[in-house]
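> sequence and predicted structure are below.
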Amino acid sequence: MIRVRDWGEMELNYNAERAIELLRIGSGNVNAAFRENQEAAIQHVVEGRGRLLVVQKTGWGKSFVYFIATKLLRESGEGPALLVSPLLSLMRNQVSAAEQMGVRAETINSDNEDEWSEIEKKIKANDVDILIVSPERLSNQRFRAEVLPRIAANISLLVVDEAHCISDWGHDFRPQYRLLERTIKQLTPNMRILATTATANDRVSADLAAVLGPDITVFKGDLNRSSLTLQTITLPNQAERLAWLADKLKVLPGSGIIYTLTVRDANQVAKWLRKKEFVVESYTGQTGDRRELLEDALLNNDVKALVATTSLGMGYDKPDLAFVIHYQMPGSVVAYYQQVGRAGRSIPYAYGVLLSGKEESQISEWFINSAFPTEEEVTQVLSALEASEEPLSIPDLMREVNLGKGRIAKTIESLALEIPAPVIKVAGGWQLTANELSGEFRHRANRLTTLRREELEQMKKYVQLPFGEHMGFLVRALDGDLSLIAPPSLKPLDSEFSEATLKEAVEFLSQTNLPIESRKMWPPGGLPTYGLRGKIPPHLQAFPGQALCYWGDAGWGAEVKNGRYVGQHFSDRLVEACANMFHSWSPEPRPTWVTAIPSLRHPDLVPGFAKRLAKKIGLPYLDSLVKVTHTHEQKSMANSTKQALNVDGSLEIEMDEIPQGPVLLIDDIVNSRWTITVAAWLLRNSDCDGVYPLALSITGQE
């Protein structure tokens with residue numbers, strides 16, 4: 001239970017002169033003036049006039065409202081503010097902006113754990129004006145028990161940034177934000193609460209009002225972005241879009257963001273543009289501790305563009321961003337408005353271009369289908385917990401249910417956030433509570449899945465719009481004022497690209513050689529048939545290998561898929577491509593022979609290809625492994641542990657004596673790397689000098 005002091009009827013006087021002074025200090029502009037409703041929002045908060053929802057377009061200055069309000073409250077002797085913010089990149093920007101106007105801001109998040117104790121000391125000493133946390137922190141037992149009470153007992157203001165995340169109607173609903181709903185209900189009715197967002201239509205705003213309080217005031221501004229020239233270009237083929245990007249980046253001024261739907265595409269597009277001598281970097285959820293460095297590189301125009309997933313989204317503020325290009329169509333109009341709104345904040349002209357490709361619908365469908373736990377996933381997890389006498393961790397559950405690690409984690413998280421929750425975290429993992437899962441859980445998931453499909457259809461209509469109608473479509477979707485829509489300021493970019501650049505793009509997509517990393521640990525619980533667990537000794541691991549392509553992807557991926565499932569034969573073109581890849585790779589010490597992963601289902605497919613490849617590169621082919629049991633296809637195993645157990649005991653060495661020198665181990669598809677890991681262990685345990693995996697394709701599935 002969070003306890004806060006009762007503010008009673010106390011009001012504070014608003015200091016208008018100090019507010020404008022703080023705005024000018026914070027903005028670095030001695031002539032800065034408040035935008036429409038900006039000062040009214042600050043005054044509303046400071047004077048305690050009730051809870052407030054501010055819906056304003058990106059770049060309007062929502063952060064100035066809560067930082068100036070916090071500074072005025074602190075200078076009047078009030079307690080600190082608590083700001084709930086969803087993204088680490090947003091937190092970093094917020095801390096920097098706060099410090100510029102003398103607001104002492106600190107953040108507690110998963111990336112700065114080594115600073116927590118020092119920050120907690122500052123909170124205890126009342127040396128923190130505003131504490132910025134993620135919604136996940138609110139569920140952390142230690143944070144709730146030891147840190148939050150020190151600030152909550154004296155809190156003057158609760159700020160919920162990107163508040164649309166609270167609403168399950170919102171485009172970026174975060175289950176963790178439901179924790180805020182519980183927290184807010186524990187606060188006194190006259191507690192100062194400020195919620196801000198750029199993307200709340202009437203339905204989301206009504207949902208937020210229900211959560212934040214019945215008497216909430218809403219300030220909603222003009223959502224039109226007159227600086228943005230929006231357009232859509234349909235280029236179904238990936239090579240065409242790569243060629244268009246390479247040709248248009250030469251003429252686009254300034255720097256910008258190129259959004260992709262997947263990490264794989266972000267990395268691939270960035271690699272292509274670097275090949276074309278553009279200074280670009282990929283920015284994804286896997287970027288890790290380089291995020292801040294890359295954000296600063298874009299801020300300082302040290303890169304032409306960041307090729308990013310939605311990891312670079314809410315709150316990233318570069319006022320002079322000249323363009324936002326989407327490599328594929330996002331899944332909702334509201335999400336697109338959020339992302340394209342990064343451009344043209346403080347410059348008169350900017351481009352927002354959406355490139356539409358044939359793969360985007362399949363990707364969007366995957367996102368929709370995986371957004372909520374399915375009924376089958378919930379049943380599997382609850383049944384496993386019910387059958388166990390002990391709590392089960394995520395790794396434990398991976399052995400019990402055929403679900404991916406991410407799907408298990410999402411299911412557990414969703415169940416734990418229900419009110420009342422049917423599962424609870426205890427020492428050692430998760431266990432059932434006495435609470436039954438409410439029928440509302442499935443009703444909500446079905447309702448929102450239907451909504452997501454409607455949003456996707458709406459986005460498909462946006463793609464088909466003629467030039468000049470895009471901004472009106474977005475503002476209408478957000479229930480904004482259409483009377484303020486103005487024609488685009490810039491001419492549309494053409495959809496043309498040179499034949500030479502297209503040819504290069506096709507060749508690039510056909511030459512994507514991908515690393516295959518060796519596994520270094522057996523799965524949790526080990527492989528009981530082989531008697532293996534723990535670390536894999538380095539001398540029994542595979543060497544790093546290479547794959548020709550991603551399964552089913554543009555370039556070679558489609559040809560591999562066709563060879564496996566249609567022709568039941570891999571083409572001579574694939575033999576030639578793998579031979580070229582091997583010669584370019586040139587591993588040392590050089591392999592002296594070739595072998596293949598065996599299959600009872602398709603006994604000649606991979607060995608036949610391996611024999612042809614061995615002849616092409618001038619090495620002898622030998623059968624060294626035998627499949628002794630039928631197993632399921634690895635793609636049917638949903639997590640890494642199940643995939644490992646599927647291979648356990650299925651392979652044996654059939655050679656009396658292993659040839660000298662390293663071996664090139666051939667497979668067609670690498671799903672989990674467990675088949676190659678077990679095969680390499682068997683070969684090296686039989687005195688093979690080394691194992692280099694070479695695969696036609698990898699799926700990226702773990």
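That came in fine, so what should we check first?
> contact partners for A445?
Contact analysis of A445 by Cβ atoms under 8 Å, 6 or more residues apart in numbering lists F372, P373. (C-beta placed from N, C-alpha, C; glycine too.)
> any idea how far it lies from V401?
Separation of A445 from V401 (Cβ to Cβ, to the nearest Å) stands at 18 Å.
> do S414 as well
S414 is 15 Å from V401, by Cβ to Cβ.
> neighbour-wise, which of these two wins?
V401 (24 against 21; other Cβ atoms under 10 Å).
> look up the closest residue to the more buried one, ignoring the ones flanking it.
Closest residue to V401 apart from its sequence neighbours, by Cβ to Cβ, 6 or more residues apart in numbering: Q380 at 4.3 Å.
> surely that neighbour meets G404?
No: using Cβ atoms under 8 Å, Q380 is not in contact with G404, being 11.7 Å away.
> residue ranges with poor pLDDT in the stretch 101-250 of the chain?
Along the stretch 101-250 of the chain, the model assigns pLDDT under 70 to residues 168-175, 186, 214.
> helix or strand for Q431, which one?
Using DSSP states H and E, the element containing Q431 is strand 429-432.
> for that strand, which outside residues touch it?
382, 385-386, 388, 390-394, 396-397, 412, 416, 422-424.
> list the buried residues of that strand.
Counting neighbours by 16 or more other Cβ atoms under 10 Å, one finds that the buried residues in strand 429-432 are G429, W430, Q431.
> from these, pick the one nearest V566.
Distance to V566 across the buried residues of strand 429-432 (Cβ to Cβ) is lowest for W430, with 43.9 Å.
> name the nearest residue to the closest one, ignoring sequence neighbours.
Residue nearest to W430 in three dimensions, not counting chain neighbours: V423, with 5.2 Å by Cβ to Cβ, 6+ apart.
> and if you look at Y550?
G557 (5.1 Å).
> was I right about the one you found contacting G563?
No: counting by Cβ under 8 Å, G557 stays clear of G563, with 10.9 Å between them.
> what residues are shared contacts of the two?
By Cβ under 8 Å, 6+ apart, no residue touches both G557 and G563.
> count the residues that sit near the residue nearest to Y550.
A total of 21 residues lie near G557 under the criterion other Cβ under 10 Å.
> what about it, which SS state?
helix (DSSP: H, G, I helix; E, B strand; the rest coil).
> where does the prediction get shaky in this protein?
Confidence mapping of the chain against pLDDT under 70 gives the ranges 1-11, 87-94, 168-175, 186, 214, 313-315, 700-702.
> would you map the helices across the stretch 401-550 of the chain?
405-416, 439-463, 470-477, 499-509 (DSSP state H, counting those that start in this stretch).
> from the contact counts, what lies against the last one?
In this structure, helix 499-509 makes packing contacts with helix 238-248, helix 263-275, judged by 3 or more Cβ pairs under 8 Å, 6 or more residues apart in numbering; DSSP states H and E.
> buried stuff in the last one?
Neighbour counts over helix 263-275 (16+ other Cβ under 10 Å) mark V263, D265, A266, N267, Q268, V269, A270, W272, L273 as buried.
> and whichever strand or helix holds A695, which strands flank it?
Element membership for A695 (DSSP H and E) is strand 691-698. Using DSSP bridges, the strands paired with strand 691-698 are strand 545-550 (parallel), strand 663-670 (parallel).
> Throw the ones you listed into JSON lines and include distance to V594 and mean neighbour count, thanks.
Shown next, in JSON lines, are the strands paired with strand 691-698 (distance: least, Cβ to Cβ, whole Å; neighbours: other Cβ atoms under 10 Å):
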{"stretch": "strand 545-550", "distance to V594": "13", "mean neighbour count": "24"}
{"stretch": "strand 663-670", "distance to V594": "5", "mean neighbour count": "25"}
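> possible to save those as a markdown table with distance to L509?
A markdown table is the format used below for the strands paired with strand 691-698 (distance: least, Cβ to Cβ, whole Å):
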| stretch | distance to L509 |
| --- | --- |
| strand 545-550 | 8 |
| strand 663-670 | 19 |
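> which among these is found nearest to P487?
P487 sits nearest to strand 545-550 of all the strands paired with strand 691-698, at 41.9 Å, using Cβ to Cβ.
> what angle do that closest one and helix 263-275 make?
Strand 545-550 and helix 263-275 are oriented at 100 degrees to each other (axes from the mean of the first three to the mean of the last three Cα atoms, to 10 degrees).
> compute the inter-axis angle for strand 545-550 and helix 499-509.
Using the same axes, to 10 degrees: strand 545-550 against helix 499-509 is 130 degrees.
> for strand 545-550, list the C-alpha coordinates in PDB.
What follows is strand 545-550 as a C-alpha-only set of coordinates in PDB (Å, rounded to 0.1, in the frame of the first residue of the first chain):
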ATOM      1  CA  GLY A 545      30.100 -21.500 -38.900                       C
ATOM      2  CA  GLN A 546      28.300 -19.800 -41.800                       C
ATOM      3  CA  ALA A 547      24.900 -19.900 -43.400                       C
ATOM      4  CA  LEU A 548      24.100 -18.700 -46.900                       C
ATOM      5  CA  CYS A 549      20.800 -16.900 -46.100                       C
ATOM      6  CA  TYR A 550      17.700 -16.500 -43.900                       C
END
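> now do that strand: distance to the chain's middle.
Centroid separation between strand 545-550 and its chain, computed with Cα atoms, centre = their mean, to the nearest Å, is 24 Å.
> just the helices in the stretch 251-400 of the chain please.
With DSSP H, counting those that start in this stretch as the criterion, the stretch 251-400 of the chain has helices spanning 263-275, 291-299, 333-340, 360-369, 375-387, 394-400.
> check those helices for me and report the most buried one.
With neighbours taken as mean count of other Cβ atoms under 10 Å, the helices of the stretch 251-400 of the chain reach their highest mean count in helix 333-340, at a mean of 24.
> what about the closest residue to K611 other than its chain neighbours, neighbour count?
Distances taken as Cβ to Cβ, 6+ apart put Y621 closest to K611, at 4.6 Å, once the chain neighbours are dropped. A count of nearby residues for Y621, using other Cβ under 10 Å, gives 18.
> quick check: Y621 touching A610?
Yes: between Y621 and A610 there is a contact at 6.1 Å, judged by Cβ under 8 Å.
> list residues touching both of those two?
Common neighbours of Y621 and A610 (Cβ under 8 Å, 6+ apart) are V594, T595, A596.
> show me what contacts the last one?
Contact analysis of A596 by Cβ under 8 Å, 6+ apart lists V606, P607, F609, A610, Y621, D623, L625, L665, I666, D667.
> ok so, going back, wait, which of the helices of the stretch 401-550 of the chain is closest to A239?
Closest of the helices of the stretch 401-550 of the chain to A239 is helix 499-509, at 4.1 Å (criterion: Cβ to Cβ).
> and the closest one with helix 238-248, angle?
Going by the same axes, to 10 degrees, helix 499-509 makes 130 degrees with helix 238-248.
> could you export helix 499-509 as CSV, CA atoms only?
In CSV, the C-alpha atoms belonging to helix 499-509 read as follows (Å, rounded to 0.1, in the frame of the first residue of the first chain):
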residue,chain,number,x,y,z
GLU,A,499,18.6,0.0,-62.8
ALA,A,500,22.2,-0.2,-61.7
THR,A,501,21.3,0.3,-58.1
LEU,A,502,18.6,-2.3,-58.3
LYS,A,503,21.0,-4.8,-59.8
GLU,A,504,23.4,-4.1,-56.9
ALA,A,505,20.6,-4.6,-54.4
VAL,A,506,19.6,-7.9,-55.9
GLU,A,507,23.2,-9.1,-55.7
PHE,A,508,23.4,-7.9,-52.1
LEU,A,509,20.4,-9.9,-51.1
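> show me which positions of that helix end up buried.
So for helix 499-509, counting by 16+ other Cβ under 10 Å, buried means T501, L502, E504, A505, V506, F508, L509.
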